[in-house]
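A.B. asks: Sequence and predicted structure below; questions after.
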2 protein chains.
Amino acid sequence: MNFELNILGCGSAKPTTRHQPTSQILNVRGKFFMIDCGEGVQAQMQRMGLSMMNIGHIFISHNHGDHVFGLPGLIGTMDLLGRTAELHIHGPQQVGELLDFLMSTYYGDIQYKVLFHPVDTRKYDLVYEDRSITVHSIPLQHRLPTSGYLFREKPNLPHIKRELIDAYGIPVSQINNIKAGASWTTEDGTVIPHERLTFPAAPPRSYAYCSDTVYLPDLKEIVKGVDLLYHEATYFHERALRAEQTRHSTALQAAQVAKDAGVGQLCIGHFSASIKDENALLKEAQSVFPNTILANEGLVLSI
Amino acid sequence: MNFELNILGCGSAKPTTRHQPTSQILNVRGKFFMIDCGEGVQAQMQRMGLSMMNIGHIFISHNHGDHVFGLPGLIGTMDLLGRTAELHIHGPQQVGELLDFLMSTYYGDIQYKVLFHPVDTRKYDLVYEDRSITVHSIPLQHRLPTSGYLFREKPNLPHIKRELIDAYGIPVSQINNIKAGASWTTEDGTVIPHERLTFPAAPPRSYAYCSDTVYLPDLKEIVKGVDLLYHEATYFHERALRAEQTRHSTALQAAQVAKDAGVGQLCIGHFSASIKDENALLKEAQSVFPNTILANEGLVLSI
């Protein structure tokens, strides 16, 4: 089952020929969760063969242009493509003001509903849930109210051992009970324990998105043990003061969060336009947390 | 001297992998006049090696997203690049509302001024003038108030025949007078006529931009004899009814305007996403006006 991160853009505000502004798609079993929506996302999705119509929810970190200026065009295009399903947009209150303006000025007559769900950027909170995942807000600190997002798969039920079901002649109607934890008693009264009839499902997967933010040592509590952490690394650590002033992080700081939280893998992005050699940035992060990779447009990470 | 059209995007609202939304740069002697500003213009300018900082004026045809959604990001990037020069944006009143929203929501503290100049879309009117060109509005008919733009070089003064100036010993101080039309009288009273001392400058060049619009037979009066006409050709003529309903034009209609106006060359663009074979669209236009070309991203036309 897909649990796959697609990087559409991992640059910062000043555009370069190497990077697009921030946007990602987390593909959870074919449902697309967009995270941030910088200018140019439509073209980038087309290049990557990702259909806009699979997006049900968009999670916006904060209302800076390089994270939201893809929304105006995307909303219109979905209408031109014949969308009728509701589109849910989650983000800090300021994003709602952008949406209000767009809907009243450009999209009074579109054929689907755009629903805004304000996110309280001051707390860790459940912002979305369906059968397969939960999404929690992650309080970040930037120049505007900003939220990261933590995507967690729900625990999967164990798998049935088909050959034993057949061998014991267990009726199909009992399979869901057994998956849910029941044992099976044969006609001669023998109890076949649940554990013998099933094998465990893959452990639930998790992904945390943290951008934009100043270095937050306490972030490790929320992102503890996630399989993949995307953390902004706008600057080299030699510019830690600049990072602090602009409420961004360095590669070293991103890696420190990853190490302290014991995550599986770290992906760094939101590179300053001033950075010419991203491999040096990667080395800086790897000196603290070896299992670090660089984000890049078109990168697809199976979690 | 440059009088050069750069096509940044020539698609229509629904995005395709082949075309970007509408934007152009008319380069007049190094001064960039941007015409419309669809999403993705910054990346496209970078690909074409055009500096955003050379843009002094932006002329917007109408307030549909595929013509304006590049403005939010462009305004911010110019600030990040250290712009201090005023940026002038001309367009229908509705564009002013977009700018008001952007300035109050995102750009309260940028370091340069954005000045909006409303254009009356109902009339042919002088909207800009400097030493070398004039820009007039062209009333178009679309679903929103829409204006085309006519760029005309001012007549250039004739060139001096340097060798005759030397031969007659005419002082440098008199050269501007002679350029402006004066004759020269030698010491023995011989009058050397202005025409003998000069040769004519190249005739002033002109460019007309007409998009988006329904077919307007009377448009020929305004664009009569321009060197280059860009006219939208959203559809094949077999979809003339659809064009009429959506207030767009067909390739045949674009060519009819070009023919009736006796322009030098026609460039067609604003292609519907439904058009797979643009060469067939070109042939349709050429059947009426042979000197027609297709717009394309990256195309540079020296006028």
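C.D. replies: That came in fine, so what should we check first?
A.B. asks: correct me, but residue A:217 touches residue A:259?
C.D. replies: No. Taking contacts as Cβ atoms under 8 Å, residue A:217 lies outside contact range of residue A:259: 11.3 Å. All C-beta atoms are positioned from the backbone trio N, CA, C, and that covers glycine.
A.B. asks: if you count what's nearby, which of those two comes out ahead?
C.D. replies: Neighbours per residue, other Cβ atoms under 10 Å in any protein chain shown: of residue A:217 and residue A:259, the larger number sits with residue A:259, 17 against 10.
A.B. asks: Just the element for that one, please.
C.D. replies: Secondary structure from DSSP states H and E places residue A:259 in helix A:251-261.
A.B. asks: So what touches that helix?
C.D. replies: Helix A:251-261 has contacts (Cβ atoms under 8 Å, 6 or more residues apart in numbering or on different chains) with A:210, A:215-217, A:219-221, A:223-226, A:229, A:231-233, A:235-237, A:240, A:243, A:266, A:268, A:281-282, A:284-289, A:292.
A.B. asks: Now with 6 Å, please.
C.D. replies: A:215, A:219-220, A:223-224, A:229, A:231, A:233, A:237, A:266, A:268, A:281, A:284-285, A:288-289 (Cβ atoms under 6 Å, 6 or more residues apart in numbering or on different chains).
A.B. asks: Same question for stretch A:21-35.
C.D. replies: A:1-9, A:11, A:36-39, A:41, A:50, A:54-59, A:66-67, A:133, A:151, A:209.
A.B. asks: Which member of the contacts of helix A:251-261 is positioned nearest residue A:167?
C.D. replies: residue A:224 (42.1 Å; Cβ to Cβ).
A.B. asks: quick one: that closest one and residue A:264, what's the gap?
C.D. replies: The spacing between residue A:224 and residue A:264, counted by Cβ to Cβ, to the nearest Å, is 11 Å.
A.B. asks: in the stretch 1-150 of chain A, what spans have low per-residue confidence?
C.D. replies: Within the stretch 1-150 of chain A, no range satisfies pLDDT under 70.
A.B. asks: Can you pull the residues of it lying near chain B?
C.D. replies: A:13-15, A:17, A:39-40, A:42, A:46, A:65, A:69, A:72-73, A:76, A:80, A:101, A:106 (Cβ under 6 Å from any Cβ of the partner chain).
A.B. asks: Can you go through these and name the buried ones?
C.D. replies: Listed as buried from the residues of the stretch 1-150 of chain A next to chain B are A:13-15, A:39-40, A:42, A:65, A:69, A:72-73, A:76, A:80, A:101, A:106; burial here means 16 or more other Cβ atoms under 10 Å in any protein chain shown.
A.B. asks: With distance to residue B:300 and secondary structure as extra columns, can I get the residues you listed in CSV?
C.D. replies: Shown next, in CSV, are those (distance: Cβ to Cβ, whole Å; DSSP: H, G, I helix; E, B strand; the rest coil):
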residue, distance to residue B:300, secondary structure
A:13, 29, coil
A:14, 26, coil
A:15, 21, coil
A:39, 24, coil
A:40, 22, coil
A:42, 25, helix
A:65, 29, helix
A:69, 27, coil
A:72, 28, helix
A:73, 25, helix
A:76, 29, helix
A:80, 30, helix
A:101, 36, helix
A:106, 31, coil
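A.B. asks: Farthest-apart pair in these, please.
C.D. replies: Using Cβ to Cβ, the two most remote members of these are A:14 and A:80, lying 30.5 Å apart.
A.B. asks: Chain neighbours aside, what residue packs nearest to residue A:18?
C.D. replies: residue A:11 (7.2 Å; Cβ to Cβ, 6 or more residues apart in numbering or on different chains).
A.B. asks: hang on, isn't that neighbour packed against residue A:19?
C.D. replies: Yes. Judged on Cβ atoms under 6 Å, residue A:11 makes contact with residue A:19 at a distance of 2.9 Å.
A.B. asks: Let me know the pLDDT of residue A:180.
C.D. replies: Residue A:180 is assigned 88 on the pLDDT scale.
A.B. asks: Tell me, how many residues neighbour it?
C.D. replies: 10.
A.B. asks: Kindly state the beta-bridge partners for residue A:118.
C.D. replies: Counting by DSSP bridges, residue A:118 is bridged to residue A:91.
A.B. asks: sorry, back to before: mind checking what helix or strand follows the helix holding residue A:259 in sequence?
C.D. replies: Downstream of helix A:251-261 (by DSSP H and E), the next one is strand A:265-269.
A.B. asks: Can you tell me which of the contacts of helix A:251-261 is nearest chain B?
C.D. replies: residue A:233 (19.1 Å; Cβ to the nearest Cβ).
A.B. asks: What residues does that closest one make contact with?
C.D. replies: Applying Cβ under 6 Å, 6+ apart, the residues contacting residue A:233 are A:251, A:254, A:268.
A.B. asks: show me what contacts the residue nearest to the second one when sequence neighbours are not counted?
C.D. replies: Read it as residue A:254. Spatial nearest neighbour of residue A:254, chain neighbours left out: residue A:231 (3.9 Å); criterion: Cβ to Cβ, 6+ apart. Contact analysis of residue A:231 by Cβ under 6 Å, 6+ apart lists A:210, A:254, A:257.
A.B. asks: which among those residues gets closest to residue B:139?
C.D. replies: residue A:210 (51.7 Å).
A.B. asks: pLDDT at the closest one, what is it?
C.D. replies: 98.
A.B. asks: for the stretch 1-150 of chain A, what spans make up the strands?
C.D. replies: Secondary structure of the stretch 1-150 of chain A by DSSP state E, counting those that start in this stretch: the strands cover A:3-9, A:23-28, A:31-37, A:55-59, A:87-91, A:114-118, A:125-129, A:133-141, A:145-153.
A.B. asks: Now mean neighbour count too, for those, in JSON lines please.
C.D. replies: Formatted as JSON lines, these follow (neighbours: other Cβ atoms under 10 Å in any protein chain shown):
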{"stretch": "strand A:3-9", "mean neighbour count": "23"}
{"stretch": "strand A:23-28", "mean neighbour count": "24"}
{"stretch": "strand A:31-37", "mean neighbour count": "25"}
{"stretch": "strand A:55-59", "mean neighbour count": "22"}
{"stretch": "strand A:87-91", "mean neighbour count": "23"}
{"stretch": "strand A:114-118", "mean neighbour count": "16"}
{"stretch": "strand A:125-129", "mean neighbour count": "15"}
{"stretch": "strand A:133-141", "mean neighbour count": "21"}
{"stretch": "strand A:145-153", "mean neighbour count": "24"}
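A.B. asks: per-residue confidence at the closest residue to residue A:159 other than its chain neighbours?
C.D. replies: Leaving aside its sequence neighbours, residue A:159 sits nearest to residue A:199 (Cβ to Cβ, 6+ apart; 5.4 Å). Model confidence at residue A:199, expressed as pLDDT, equals 92.
A.B. asks: ok, now residue A:282?
C.D. replies: 98.
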